[in-house]
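Chemist: here's a sequence, model it:
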Amino acid sequence: TLDRWVYADLNRACREDKKTLLPYFAPFIKCLLLGIPRCTELHLGTRSQVPNNGVTLYRRTQLSASQMVQYTVGTRFIWTGFTSCSLQDTSVHFGEHLFVVFIPSHFYGKVVELEQVSAFPHECEILLPCN
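Modeler: Residues are numbered from 1 along each chain as shown. Here you go, the predicted structure:
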């Protein structure tokens with residue numbers, strides 16, 4: 001979860017391409033990336049009702065003014081770390097900036113619903129893998 005060291009350090013290593021940290025996390029990242037396709041009971045749409053043509057996810061975050069410049073409406077970008085989103089926009093305590101992310105249905109097997117394994121199932125959390 002957000003308050004655990006592995007979350008922050010793993011995503012920092014992915015985002016900043018830390019040459020010293022990435023080898024340390026490589027086995028963990030590999031297990032996650034190989035495990036997601038195999039863990040079919042957690043695939044998006046297995047437990048929740050989602051549309052057949054794709055689903056909209058929500059991610060709130062806190063961004064500085066300089067970071068906001070990167071994210072203009074309609075811009076395509078890649079989040080290089082594992083990214084947590086939600087099926088609903090209710091987690092305002094995560095930040096004032098809202099990302100609305102559309103996931104086409106052919107990607108459902110690449111993202112996982114964490115509700116049944118989460119300490120906070122009411123958040124309807126979805127995990128997007130690193131790119």
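
Chemist: test my guess that Arg15 contacts Thr80.
Modeler: Yes. The pair Arg15 / Thr80 is scored as a contact, 5.0 Å apart, by Cβ atoms under 8 Å. Heads up, the C-betas are built off the backbone N, CA and C, glycines and all.

Chemist: now do the shared contacts for these two.
Modeler: Common neighbours of Arg15 and Thr80, using Cβ atoms under 8 Å, 6 or more residues apart in numbering, do not exist here.

Chemist: residues in contact with the closest residue to Arg60 other than its chain neighbours?
Modeler: Nearest-residue entry for Arg60: Phe94, 4.1 Å, with adjacent residues in sequence omitted and distances by Cβ to Cβ, 6 or more residues apart in numbering. Applying Cβ under 8 Å, 6+ apart, we find Phe94 in contact with Arg59, Arg60, Thr61, Gln62.

Chemist: burial count for Val111?
Modeler: 21 (other Cβ atoms under 10 Å).

Chemist: the closest residue to it other than its chain neighbours and Cys31, how far apart?
Modeler: Excluding its sequence neighbours, the residue lying closest to Val111 (Cβ to Cβ, 6+ apart) is Leu44, at 4.9 Å. Leu44 is 20 Å from Cys31, where distance means Cβ to Cβ, to the nearest Å.
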